[in-house]
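# Can you look at this prediction? I've put the sequence above it.
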Amino acid sequence: METKMFKTATTDLAAAAELIKKGQVVAFPTETVYGLGADATKESAVKKVFAAKNRPSDNPLIVTVANVDMVKRFVSEIPTIAEKLIANFWPGSLTIIMRYNEGALSPIVTGGLPTVAFRLPASDVTRQLIALADTPIVGPSANTSGKPSPTTAQHVWHDMQGKIAGIVDDGATSVGVESTVIDITTDVPTILRPGAVTQEALEAVIGPVNSEHRKVGADETPKAPGMKYRHYAPDVPVYMVTPEAWPAAIIWAQQQLEPVGIMAPDEVIEANHLAGMDFVWSLGTDVTTANAKLFAGLRYFDERDGVETILVHHFANEGVGLAYNNRLGKASSGQYFDADM
Ligand code: TXA
Ligand code: MG
């Protein structure tokens, strides 16, 4: 299949929307990461998304909408908690899991669950595309299953070229990690995946919120089915490096025969005289820029010949650092750098 590239002019978006209407798969930008779009009401189109990603069929998809009315096509009454979340965080990087009307969605979309995940992205381009297609679209991240989510159209091209009908290119995404996922069907609302919308921000609007985003073993049944799969993982080992461990980690890196990729914030790069060196990937000034640059850096070193190990800065476990450490924890299988390794 020839994969067409589109820009964000209205004529381009209209052509991409036409492909979606015809039951094809088109990758689209959001403010978090790129998604794989297909008409959520057409089973044959949704099946193509699972095939392109090589995604296990028990892992449900997000339904991405352009406005709240599109949610009402599947849900007769929006719960009060959802209304509060929508009023405060939509459009934005929050995915809300709620119950839907029986039979309103194909079990292929929901993995057979009685609940469905809805997302109304902040990106204007996403909302324009969905409005032009005039149908809610499924929107899993546009990577091959298990690989880091794509934050540029080139990442999508790398994974999906020849497998999908088109890609809408809107440059690098701004947030860089996927949306916060909250399940409001539990007694206490539960965060299943941390993201840019923090627990503190959610609690300020709806009161106490639990979080359940530890790694789940393959034999357990996780709340978010996607959590049991290895994620964001380059082919070479990734180690987390705590701020105080950098000096030892850099000495270790210099002693290795094969190059070691180093991903660190500017402060660490400067303090250790690494500025301008090869095999160094800047995570920018802070944890917010690090979220935007994390997946691109992992993909960069994964593609570079010779790199045998990747060392990545670990940030404090607070605020949007929780989202960062959650993704990095999966990429590294929880391994920290240790001078004796
Ligand atoms: O930022 C994002 O959310 C991106 C952009 C493209 O919108 N999309 C995204 O989709 O990350 P995906 O499919 O890669 O991740 C959705 C997560 C998966 O872990 C999935 O298991 C979980 O949400 N999920 C979806 N529906 C669910 C449901 N009904 N109950 C529990 N978890 C659900
Ligand atoms: Mg994903």
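Great, that's in hand. Ligands and ions are numbered 1, 2, ... in the order given.

# what residue lies at the spatial centre of this protein?
The centre of the chain sits closest to Glu178, judged by Cα atoms, centre = their mean, with a distance of 3.0 Å.

# if I read this right, it contacts Thr30, doesn't it?
No - taking contacts as Cβ atoms under 8 Å, Glu178 lies outside contact range of Thr30: 9.1 Å. All C-beta spots, glycine's among them, are computed from the backbone N, C-alpha and C.

# Can you give me the distance of the residue sitting furthest away from the middle of the chain to ligand 1?
The C-alpha centroid of the chain is most remote from Gln255, which lies 34.5 Å away (Cα atoms, centre = their mean). For Gln255, the distance to ligand 1 (Cβ to the nearest ligand atom, to the nearest Å) stands at 38 Å.

# what's the answer for Tyr239, then?
Tyr239 is 24 Å from ligand 1, by Cβ to the nearest ligand atom.

# same deal with Asn54?
13 Å.

# does that residue really touch Pro140, like I thought?
No - at 11.4 Å, Asn54 does not count as touching Pro140 under the criterion of Cβ under 8 Å.

# neighbour count winner among those two?
Between Asn54 and Pro140, counting by other Cβ atoms under 10 Å, Pro140 is the more crowded of the two (24 against 13).

# which residues touch the residue nearest to that one when sequence neighbours are not counted?
Of all residues not flanking Pro140 in the chain, Leu61 sits nearest, at 5.2 Å (Cβ to Cβ, 6 or more residues apart in numbering). When contacts are counted by Cβ atoms under 8 Å, 6 or more residues apart in numbering, Leu61 touches 40, 46, 49, 109-110, 117, 138-140.

# Val25 now?
Val25 makes contact with 36-38, 45, 48-49, 52, 163-165, according to Cβ under 8 Å, 6+ apart.

# Same question for Ser145.
Counting by Cβ under 8 Å, 6+ apart, Ser145 makes contact with 53-56, 229.

# Next, it: phi, psi?
Dihedral pair for Ser145: phi -50, psi 130, per degrees, to the nearest 10.

# again, but for the one 5 residues further on
Torsion angles at Pro150 (phi, psi; degrees, to the nearest 10) stand at phi -80, psi 130.
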